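Peer 1: how would this look folded up:
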Amino acid sequence: MKLLHIDSSIAGVGSVTRELSAEIVALLKGADKSWNVIYRDLVAEPLSHLTGGYLAALQGAPADQAVQADVGAGLAVMEDFLAADVIVIGAPMYNFGVPSQLKAWIDRLAVPGKTFSYGEHGPVGLCKGKKVIVASARGGIFSAGSPLAALDHQESYLLSFFGFLGIAEISFVRAEGVALGPVVRAKAIAAAKEHAAKLAA
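Peer 2: The predicted structure follows:
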């Protein structure tokens, strides 16, 4: 079994999602020692955003050395994703959405013929059978029922994107309100870790 571990927080050692994603991976490995883990830190090794040259090169157009390297990086993350049975993603909310580093990675995954296809009745996801676990952190409260719920373009986006690729099993390990003081932060992280333990079990 292969596990792909992705981190995208720019907060370094103070990152809640990095702490939670590491906890999730450790719990999964503790339950089954046979996991083969591939780790990608999208901040330490960022992908560039999509360019016209990149898309043209994918269609067979001539490309300079920089574009060829970019295409190689995109193909590498695609191979990691396609090979993974489980994907654990550290995804904090930044300005109501996901980090741009994570969006750049996601843009390399949405490729017709690889992760989805177009049929006579519309798009069809090609990634059925995979499992996604998102370590999510928000400074405020944005979950269903909150006055700010409509501003959630983080979890809702990830749910829609991976659902589009055909992935049905998508779970969120959420620490919410982590900017509302140390007591609230600690309780939110503890609750998220408790939820992670239940998922791993």
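
Peer 1: Centroid-nearest residue for this protein?
Peer 2: For the chain, the residue nearest the mean C-alpha position is residue 89 (3.8 Å; CA atoms, centre = their mean).

Peer 1: Tell me if I'm right that that residue and residue 24 touch.
Peer 2: No. Residue 89 is beyond contact range of residue 24, at 9.6 Å (criterion: CB atoms under 8 Å). All C-beta spots, glycine's among them, are computed from the backbone N, C-alpha and C.

Peer 1: what residues do the two have in common as contacts?
Peer 2: 133, 135 (CB atoms under 8 Å, 6 or more residues apart in numbering).

Peer 1: so how far is residue 175 from the closest residue to residue 77 other than its chain neighbours?
Peer 2: Excluding the flanking residues, the one nearest residue 77 by CB to CB, 6 or more residues apart in numbering is residue 108, at 5.1 Å. For residue 108, the distance to residue 175 (CB to CB, to the nearest Å) stands at 27 Å.

Peer 1: Let me know how buried residue 71 is, in neighbour terms.
Peer 2: 17 (other CB atoms under 10 Å).

Peer 1: Wait, a helix at it?
Peer 2: Yes. Residue 71 sits within a helix when classified using DSSP: H, G, I helix; E, B strand; the rest coil.

Peer 1: so where does the nearest residue to it once chain neighbours are set aside fall, helix or strand?
Peer 2: Residue nearest to residue 71 in three dimensions, not counting chain neighbours: residue 57, with 5.0 Å by CB to CB, 6+ apart. Per DSSP states H and E: residue 57 is located in helix 52-58.

Peer 1: quick one: contacts of that helix?
Peer 2: For helix 52-58, using CB under 8 Å, 6+ apart, the contacting residues are 48, 61, 63-64, 67-68, 70-71, 74, 111.

Peer 1: Of those, which pair is most distant in space?
Peer 2: 64 and 111 (21.6 Å; CB to CB).

Peer 1: So, low pLDDT: which residues of the chain?
Peer 2: By pLDDT under 70, the chain has no low-scoring segment.

Peer 1: Could you pull out the strands in it for me?
Peer 2: For the chain, the strands defined by DSSP state E occupy 2-7, 36-41, 86-92, 116-119, 122-125, 131-138, 169-176.

Peer 1: and the ones you listed as a markdown table, adding distance to residue 80?
Peer 2: Listed next are the strands of the chain as a markdown table, based on distance: least, CB to CB, whole Å:
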| stretch | distance to residue 80 |
| --- | --- |
| strand 2-7 | 5 |
| strand 36-41 | 5 |
| strand 86-92 | 9 |
| strand 116-119 | 17 |
| strand 122-125 | 18 |
| strand 131-138 | 14 |
| strand 169-176 | 18 |
